[in-house]
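Student: Need a 3D model of the sequence below.
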Amino acid sequence: MAYLIFAVGGWDNYNMSSFLFGFTFSFSPMKFNLLNVYTLFSLALVASHAVTPDVYWKSVLPNSPMPKTIKDLVHTAEWSEEKNTAVVVGKGGVAVHTEKPGKKTNVGVRKGGVTVNTGKGTNVGVGKGGVGVHTGKPGKRTDVGVGKGGVAVHTGHKGKPVYVGVGKGANPFVYNYAASADQLKDNPNVAFFFLENDLHQGTEMKLHFIKDDQKATFLPRQVADSIPFSSNKLPQIYNEFSIKSGSVEAQDMKQTLSECENKGIEGEEKYCATSLESMVDFSTSKLGKNVKAISTEVNAKESTPLQKYTIEGAKKLAADKAVVCHKQNYAYAVFYCHKTVSTRAYSVSLVGADGTKAKAVAVCHTDTSKWNPKHLAFQVLKVKPGTVPVCHFLPEDHIVWVPY
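Tutor: The predicted model follows:
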């Protein structure tokens, strides 16, 4: 038999100051994973009184609106301090903590799983088949389900489920990356590269904007920082998120860690942000606090087909100074952020052949001399490194930071 001692207490600025009550229970390690139980409750406790990602954003960037892309990854409603309910969703794990003055929290472990019940309609069930979470009052219900395929989150007032998962393929926005012949086929990012002299009204391009239905959401920084993020710790990371070694998900995560750990090209300042807070800190450290975050927005609920788009107008956002953050394939939201010299950012108005409107972010690199000669952009555009400015549109889940 194994024993787990669980204590719920109060925190002041992330430091535990007092214990309110504790639980001790036992279970067979053959029936339930001790690490998963420990992770579930420790994440819940860490998250309970910490500053939430959206609150941190407002404190550092009070004059900069949060782009929809980031809002979708933060799930502000699930982290509302007014509700005092915190739900942390990662691939293979969910942490929930609800605490109100005078309200009791009950924790129970039984054969086949764990349940957490709190005074007003919040309960968590962890069983062999996954995890279920229900929070909220009538009309404001939040349901979280974790199964083998990932995580689904449904909030009654939003009405749209979000699934957490990982995708495939290397990041074409890593400049020392060489594209293979196979990666030139059926790759939606191929259409995103173009030359800067084509960036004017009336230019037609074939583009494919894909909605990412497999959204891995942000973890709060204090939670993300407690989880290993290193190729040397891959077995531990796989175990933490119930990822099978050799699976597609495992290969994606391994690729992301490799891209984050590899040396950048000359003149590139790179950083992999494992939380929204760390992305804000990196961007402001490079550009100052008078910055704004912008992302591509397509006026369509579903992915649009590969089709012809016409440029209606383009506006320069920044000259030679920007931080670009690319969403990575990982169990939770991780962004590959980099600041390079000679970078220009544009906001581009597009209209598709089917009438779809898009406000796309384009990034142009005027010095590509240090890029891998076999980079996807050069193969698509049939140009050589350092000869002409190379541009690319950003997918909807990528971010560009520019000073204002």
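
Student: For stretch 323-336, list every residue counted as buried.
Tutor: Going by neighbour count (16 or more other CB atoms under 10 Å), the buried part of stretch 323-336 is 323-336. Any C-beta I mention is one placed from the backbone N, CA and C, and that applies to glycine too.

Student: Check the model's average confidence along that stretch for me.
Tutor: Averaging pLDDT along stretch 323-336 yields 95.

Student: can I get the CA coordinates of that stretch in PDB?
Tutor: Taking Å, rounded to 0.1, in the frame of the first residue of the first chain, the C-alpha atoms of stretch 323-336 are listed here in PDB:
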ATOM      1  CA  VAL A 323       9.500  39.600 -31.800                       C
ATOM      2  CA  VAL A 324       7.700  36.700 -33.500                       C
ATOM      3  CA  CYS A 325       6.300  33.800 -31.500                       C
ATOM      4  CA  HIS A 326       5.400  30.500 -33.200                       C
ATOM      5  CA  LYS A 327       3.100  28.000 -31.600                       C
ATOM      6  CA  GLN A 328       4.800  24.600 -31.100                       C
ATOM      7  CA  ASN A 329       3.500  21.100 -31.000                       C
ATOM      8  CA  TYR A 330       3.400  20.200 -27.300                       C
ATOM      9  CA  ALA A 331       1.200  18.900 -24.500                       C
ATOM     10  CA  TYR A 332       0.500  22.400 -23.400                       C
ATOM     11  CA  ALA A 333       1.000  25.800 -25.000                       C
ATOM     12  CA  VAL A 334       4.600  26.500 -25.900                       C
ATOM     13  CA  PHE A 335       5.800  29.300 -28.200                       C
ATOM     14  CA  TYR A 336       9.100  29.500 -30.000                       C
END
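
Student: one step back: between which two of the buried residues of stretch 323-336 is the distance greatest?
Tutor: Of all pairs drawn from the buried residues of stretch 323-336, the greatest distance, 23.9 Å, lies between Val323 and Ala331 (CB to CB).

Student: Mind checking which of the buried residues of stretch 323-336 land in strands?
Tutor: Among the buried residues of stretch 323-336, the members falling in strands (DSSP state E) are Val323, Val324, Cys325, His326, Lys327, Phe335, Tyr336.

Student: need the helix or strand of the chain with the lowest average pLDDT.
Tutor: Taking mean pLDDT, DSSP states H and E as the measure, the chain has strand 162-164 as its least confident helix or strand, at a mean of 27.

Student: next structured bit after it?
Tutor: Going down the chain from strand 162-164, the next helix or strand is strand 193-195, by DSSP states H and E.

Student: Which of the ones in strands among the buried residues of stretch 323-336 sits closest to Val380?
Tutor: Nearest to Val380 among these: His326, at 17.4 Å, using CB to CB.

Student: Tell me how far that closest one lies from His398.
Tutor: 5 Å (CB to CB, to the nearest Å).

Student: Are there residues contacting both of the two? Which ones?
Tutor: Common contacts of His326 and His398 (CB atoms under 8 Å, 6 or more residues apart in numbering): Phe173.

Student: The stretch 301-404 of the chain: helices as residue ranges?
Tutor: For the stretch 301-404 of the chain, the helices defined by DSSP state H, counting those that start in this stretch cover 376-381.

Student: Make sure Lys254 is actually in contact with Ser231.
Tutor: Yes. When contacts are counted by CB atoms under 8 Å, Lys254 is listed as touching Ser231 (7.0 Å).

Student: where does this structure dip in pLDDT?
Tutor: For the chain, the stretches flagged by pLDDT under 70 are 1-50, 75-172, 175-176, 180-191, 213-214, 318-319.

Student: per-domain residue ranges of it.
Tutor: Following automatic domain parsing, one gets these domains for the chain: 2-163, 182-403.

Student: picking up where we left off before, compare neighbour counts for Lys254 and Ser231 and give me the winner.
Tutor: Ranked by neighbour count (other CB atoms under 10 Å), Lys254 and Ser231 place Lys254 first, with 17 against 14.

Student: element containing that one, please.
Tutor: With DSSP H and E as criterion, Lys254 is part of helix 248-261.

Student: and that helix, which residues are buried?
Tutor: Buried residues in helix 248-261, defined by neighbour count with 16+ other CB under 10 Å: Glu249, Ala250, Asp252, Met253, Lys254, Gln255, Thr256, Leu257, Glu259, Cys260.

Student: could I get these as a markdown table with distance to His365?
Tutor: A markdown table is the format used below for the buried residues of helix 248-261 (distance: CB to CB, whole Å):
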| residue | distance to His365 |
| --- | --- |
| Glu249 | 31 |
| Ala250 | 32 |
| Asp252 | 26 |
| Met253 | 28 |
| Lys254 | 27 |
| Gln255 | 23 |
| Thr256 | 22 |
| Leu257 | 25 |
| Glu259 | 18 |
| Cys260 | 20 |
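
Student: for those, which one is nearest Lys370?
Tutor: Among the buried residues of helix 248-261, and counting by CB to CB, the member closest to Lys370 is Glu259, at 16.6 Å.

Student: wouldn't that closest one be in contact with Val174 here?
Tutor: Yes. The criterion here is CB under 8 Å, and Glu259 meets it with Val174 at 5.4 Å.

Student: what is in contact with the two at once?
Tutor: Common neighbours of Glu259 and Val174, counting by CB under 8 Å, 6+ apart, are Tyr336.

Student: residue contacts, Val298?
Tutor: Val298 makes contact with Phe209, Lys211, Thr304, Thr356, Lys357, Ala358, Ala360, Glu396 under the criterion CB under 8 Å, 6+ apart.

Student: switch the cut-off to 7 Å
Tutor: Residues in contact with Val298 (CB atoms under 7 Å, 6 or more residues apart in numbering) are Phe209, Thr304, Thr356, Ala358, Glu396.

Student: looking at these, which has the most residues close by?
Tutor: That'd be Phe209 among these, by other CB under 10 Å, with 25 neighbours.

Student: for that residue, what are its contacts?
Tutor: Counting by CB under 7 Å, 6+ apart, Phe209 makes contact with Val298, Ser303, Thr304, Ala358, Glu396.

Student: Can you pick out the most distant pair from these?
Tutor: Largest separation among those by CB to CB: Ser303 and Ala358, giving 12.3 Å.

Student: Surely Cys401 touches Thr284?
Tutor: If you look again at residue 401, you'll see it is Trp, not Cys. No. Counting by CB atoms under 7 Å, Trp401 does not reach Thr284; the two are 8.3 Å apart.
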